[in-house]
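K.L.:
structure of the sequence below:
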Amino acid sequence: MKKLPIAYQLYCVRDFMERDVDGTLQKVKELGFDGVEFAGFFGYSSADMKALLVKHGLKAISSHVPLQLIIANPEETIRYHKELGCEYIAVPYLTEEDRPGAPGFAKVLSIMYTFANQCKAAGITLLYHNHDFEFRKVSGIYGLDFIYQAIPSDLLQTEIDTCWVKFAGVDPITYLASYQGRAPIVHIKDFVSDNSGRTPYALIGLDDAPIDRSGFSYRPFGHGSQDPEGLVQAAIDAGAKWLVLEQDEPYGENPFEDAKLSMETFHRLGVK
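P.N.:
As a prediction, the model looks like this:
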């Protein structure tokens, strides 16, 4: 299997980052990660954060930036990430009123389109990171596909979260193939759930159907319901430049122990 660099989504260790950014980045490097994806900067300037990354031999590949922060100051957002050396900025989440099919969705698309152009001019690529709610249908297609059809690929690339694709009842391996050449970063995430393998909505495309996450639990990669080899190969086939490990909540004693187990899976597969 082709080797790929692997980054760690720092949201997984947000509590540790809050207390000790330097020490947390050191632990991430010791686990064997090549880079990091940020979810906040904990008051650090771009220069100071860059210095810590250099110190620990980590690359800032991307960053999750809430849409509200992008709206508030797009120029500063781009400046910070440019100085940090981030190639990508990702829109990580949409509030209920802004999601596909909701009243604010059209405005969100307009904001993302404008910001994507600003990013492109600065040499940064905008990504969109999905959850499960984007698999409700809008105009007969998944909301996620609607987003990617509305904003062209030279402006917006995918950051497919494979956990939420599968939770939504869609095969992440097949779904990644549909975005071949537009998937530079793929979120590798494992889980178990009573809903594993089927849609969390009562009927697909029914906008007002409730979401049921009963029995849901994040797991280290290779210790849940995903097909590890198939998933990584699908990411490679789709043209991924980076894999990002994400596990929102620890299953074991702490997130570093879970990350170690996940890295063992990457080593077993020969991707790392």
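K.L.:
next, residue 15: secondary structure please.
P.N.:
Assigned with DSSP: H, G, I helix; E, B strand; the rest coil, residue 15 falls in the helix class.
K.L.:
and it, how many neighbours?
P.N.:
When counting by other CB atoms under 10 Å, one arrives at 10 neighbours for residue 15. C-beta here means a position set from N, CA and C on the backbone, and glycine is covered the same way.
K.L.:
can you check residue 171 too?
P.N.:
With other CB under 10 Å as criterion, residue 171 counts 15.
K.L.:
what's the spacing between it and residue 135?
P.N.:
Per CB to CB, to the nearest Å, residue 171 is found 12 Å from residue 135.
K.L.:
tell me, what's touching those two both at once?
P.N.:
residue 165 (CB atoms under 8 Å, 6 or more residues apart in numbering).
K.L.:
would you check how far apart the nearest residue to residue 1 once chain neighbours are set aside and residue 233 are?
P.N.:
The spatial neighbour of residue 1 that comes closest, neighbours along the chain excluded (CB to CB, 6 or more residues apart in numbering), is residue 270 at 4.4 Å. Distance, residue 270 to residue 233, using CB to CB: 11 Å.
K.L.:
now for the two: what residues contact both?
P.N.:
residue 1.
K.L.:
so which of the two has more stuff around it?
P.N.:
residue 233 (17 against 11).
K.L.:
I'd say the more buried one and residue 1 touch.
P.N.:
Yes: the criterion here is CB atoms under 8 Å, and residue 233 meets it with residue 1 at 6.6 Å.
K.L.:
partners of the least confident helix or strand in the chain by mean pLDDT, with directions?
P.N.:
Using mean pLDDT, DSSP states H and E, the weakest-scoring helix or strand in the chain turns out to be strand 217-219, at a mean of 91. Sheet pairing here is set by DSSP bridges, and for strand 217-219 it gives strand 190-192 (antiparallel).
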